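Chemist: Build me a structure from this.
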Amino acid sequence: MEQAHNTKKTRVLIITYYWPPSGGAGVQRWVKLSKYLCQQGLEAHVLTVDEAHASYMQLDPSLGKDVAPEVQVYTTRSFEPLNYYAKLVGKDKTPTAGFSNVDSQKLSIRLLGFVRSHLFIPDPRKGWNRFAYKKALEIIEQQHIQVVITTSPPHSTQLLGLRLQQKLGIPWLADLRDPWTDIYYYDLLGHSKFSKRIDQRIEKKIMLRADRMLTVSQPLKDMFTAKDTGIRPEKIHVIPNGFDPADFHNLQKARSSVFTVCYTGTMSDVYKPAVFFQCLEQVAEAFPQQPVAVQMVGKVTDALKEEIQQRELSVEFVPTVPHSEINQFQLNADLLLLAIPDIENAEGVLTGKLFEYLATGNPIIGIGPPHGEAAAIVAQCEAGSFFARDNEEGIREYLTQRVTQFINQDKPVTNWEAINTYSRQHQAGVVSEIVKELSATASKG
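Modeler: Alright, predicted model coming up:
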């Protein structure tokens, strides 16, 4: 009877390095999507690295509660050179995403980058692949998997999808959440022309061979499509990061007489928010009877902390908190700050926090490309305004407007119909159709 039940469902194997207790937007993306894929009639299996062997950039065990009981999770050991490096120099000296926590000019960091970019192409976490491939073959055979999904970074995970496709002919959906050789910190990795060419060749091969691809924004899709004329635009689907309505079901906004601007997540020096805080300081001075406060929830570099603290502002720096607590900070805010880093291809940056910001219904002020993807979504949802980071007049005027509306107790207006298209439930429906189409095509073949 069990076998007959299983045959009615499309069975998918999701291969992801990052999974609870790891934290971050990439973890949330597939924890949430897998939950809703199961609700829409798919059978989801997840293959990930055993936490005892993993080298995570951040931890958030609270995300474990979001893993649906219907999702079968398998783990394997791994070989992790970054763990050995961390033991030698200390975990706080090990580079995180974007190298935001280390001095890239130090000889030890440059040496690490050189070793990383020549011995571990495309990345050091490829040490997991040998173990993951063996386990994936076992899962596919025993569970009669029909479609494989690989999600990255780390981009070495995509090599598993390629290898499984070549070995078994199984349909393969590759999800690339970030750029690969175009990522803004790529030059800090110390690639030679030789190692970069190898990396680019692997990148292109993945994109040519995958049956379908997902990415998080239209500019990223355009970037990937431009890699080769053989990469068909129609096979790349844009599924942005999103929000889970369930995360907000039991939350209530805490009312306060203080106008609170909140930022959640990491902020490094490349975000360049100086003009924003200058304008906020000026607006706070213009409303002496109205208290104005700033909450920075997450990791902020020491240089930025010092810069912000020099302002005549009431600022609270809240250390990184579990994701289960972040939504309450976002909901309590009166204005949410969304800052896009000042980097190449910034127009395509779609940070995961944007969609949780939208789910609160609170106004958003965006600092970054006014014609970028994030700005377009904020405008579509009528959820706030976006400004170039040097648009002092526009930022100050918008902040003045928001404080005035707070004093007058005017409720913000948002387009909830547009916002709800970014729910994980809606997005899972799109992914489900792609998976079912791949499975059906393979069956006919």
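Chemist: drop to CA atoms for contacts and neighbour counts, all remaining ones
Modeler: OK.
Chemist: show me where this structure has strands.
Modeler: For the chain, applying DSSP state E gives strands covering 10-16, 42-49, 72-76, 147-152, 172-176, 212-215, 236-238, 259-264, 292-297, 314-318, 335-339, 364-367, 384-387.
Chemist: which residues of this structure score low on pLDDT?
Modeler: 1-7, 82-119, 445 (pLDDT under 70).
Chemist: Looking at the strands of the chain, which is nearest to A286?
Modeler: strand 292-297 (10.7 Å; C-alpha to C-alpha).
Chemist: which residues are in contact with stretch 410-418?
Modeler: In this structure, residues lying in contact with stretch 410-418 by C-alpha atoms under 8 Å, 6 or more residues apart in numbering are G361, N362, P363, Q380, C381, E382, A383, Q405.
Chemist: So which of the strands of the chain is nearest F277?
Modeler: Between the strands of the chain, strand 292-297 lies closest to F277; by C-alpha to C-alpha that is 9.5 Å.
Chemist: related to what we said a few turns ago, in a markdown table: the strands of the chain, plus distance to D244 and mean neighbour count.
Modeler: Listed next are the strands of the chain as a markdown table, based on distance: least, C-alpha to C-alpha, whole Å; neighbours: other C-alpha atoms under 10 Å:
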| stretch | distance to D244 | mean neighbour count |
| --- | --- | --- |
| strand 10-16 | 19 | 24 |
| strand 42-49 | 18 | 23 |
| strand 72-76 | 20 | 16 |
| strand 147-152 | 19 | 25 |
| strand 172-176 | 19 | 26 |
| strand 212-215 | 19 | 24 |
| strand 236-238 | 18 | 20 |
| strand 259-264 | 17 | 22 |
| strand 292-297 | 20 | 21 |
| strand 314-318 | 23 | 15 |
| strand 335-339 | 18 | 24 |
| strand 364-367 | 19 | 24 |
| strand 384-387 | 21 | 22 |
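Chemist: Save those strands as a markdown table, and put in distance to L189 too.
Modeler: As requested, the strands of the chain are arranged in a markdown table below (distance: least, C-alpha to C-alpha, whole Å):
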| stretch | distance to L189 |
| --- | --- |
| strand 10-16 | 23 |
| strand 42-49 | 24 |
| strand 72-76 | 28 |
| strand 147-152 | 18 |
| strand 172-176 | 19 |
| strand 212-215 | 23 |
| strand 236-238 | 28 |
| strand 259-264 | 27 |
| strand 292-297 | 28 |
| strand 314-318 | 30 |
| strand 335-339 | 24 |
| strand 364-367 | 27 |
| strand 384-387 | 31 |
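Chemist: quick one: which of these is nearest Y422?
Modeler: strand 236-238 (11.5 Å).
Chemist: For the longest helix seen in the chain, what is the distance to the chain centroid?
Modeler: When the chain is scanned for its longest helix (criterion: DSSP state H), the result is helix 424-444. Taking C-alpha atoms, centre = their mean, to the nearest Å, one finds the center of helix 424-444 at 22 Å from the center of the full chain.
Chemist: Please identify the buried residues of that helix?
Modeler: Residues of helix 424-444 classed as buried: 424-429, 431-432, 434-436, 438-439 (neighbour count, 16 or more other C-alpha atoms under 10 Å).
Chemist: quick check, nearest of those to A52?
Modeler: R424 (29.2 Å).
Chemist: doesn't L33 make contact with the closest one?
Modeler: Yes - judged on C-alpha atoms under 8 Å, R424 makes contact with L33 at a distance of 6.1 Å.
Chemist: List the contacts of C38.
Modeler: A44, E70, V71.
Chemist: Return the member of those nearest to D228.
Modeler: Once C-alpha to C-alpha is applied, the member of the contacts of C38 that ends up nearest D228 is A44, at 32.1 Å.
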